[in-house]
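Student: Got a predicted structure plus its sequence, pasted below:
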Amino acid sequence: MTLNFSKGASQVLAQYYQLVRLGKSGYRAIMKNLTADAVYLADKLEASGTWTIMSARGKLGLPLVAFRLTPTAGGTRHYDEFDVARELRQRQWIVPAYTMAPDASTLKMMRIVLREDFSRSRCDLFLRDLAASIAHLDSLSHDQVQSSRDAHASRASSGPHHRSHPKHSPQQHRHKDHHSLQKHGKTHGIC
């Protein structure tokens, strides 16, 4: 077999190997496990009373969970899904928050796509950290949450050009034995 691409073919070959190794029954088992974990996660989120599940469950959907904060009576919650996402990020979880299309732009949601390495025990760790994040946000005043938003916006607007880490200094590329891939931040191979 000849592969002629501008980039290496290792990912294509690895995927082909996985297909031959696992076969249809192996991929079916993986998807069944991921779907079961997605249903488990959705059930736990909904049972907490804090979250409303927006994605299909079981065989109807993909192994993902889309959810949003359940509106409170009187609208007393002073944080939103973006605040929860920032709080989770501090706990090393990257869970994106989104606003919907222009006609529903006031609706916000979060989404988790389950990968093969997202086990049931990892799911329980995530749920624990999510509950701790919600408890922390509940303990903050509206002004403290707003201050956190402002600080985040300030850091985001400063952009990557204002980093002071030595990795980003102009001195970085002066060594002649410096590999070209490292100029762009890639220091590790894919496999």
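Tutor: Sure, I can see it.
Student: Which strands or helices does the helix ranked longest in the chain pack on?
Tutor: Ranked by residue count, the top helix of the chain under DSSP state H comes out as helix 10-47. Where contact means 3 or more C-beta pairs under 8 Å, 6 or more residues apart in numbering; DSSP states H and E, helix 10-47 is packed against strand 51-53, strand 64-69, helix 120-139. Where you see a C-beta, it was placed from the backbone N, CA and C, and this is true even at glycine.
Student: quick one: the second one to helix 10-47, angle?
Tutor: Taking axes from the mean of the first three to the mean of the last three C-alpha atoms, to 10 degrees, strand 64-69 and helix 10-47 form an angle of 40 degrees between their directions.
Student: So what's the model's average confidence on strand 64-69?
Tutor: Average pLDDT, strand 64-69: 94.
Student: and what of the shortest one?
Tutor: When pLDDT is averaged along strand 51-53, the result is 94.
Student: In the protein, where is pLDDT below threshold?
Tutor: 1-6, 159-191 (pLDDT under 70).
Student: Go again with 80.
Tutor: 1-9, 58-61, 73-76, 102-106, 155-191 (pLDDT under 80).
Student: Ok, which of the helices and strands packed on helix 10-47 comes nearest residue 87?
Tutor: Proximity to residue 87 (C-beta to C-beta) singles out helix 120-139 among the helices and strands packed on helix 10-47, at 3.9 Å.
Student: Name the residues of the closest one that are buried.
Tutor: Buried positions in helix 120-139, judged by neighbour count with 16 or more other C-beta atoms under 10 Å: 123, 126, 129, 130, 133, 134, 137.
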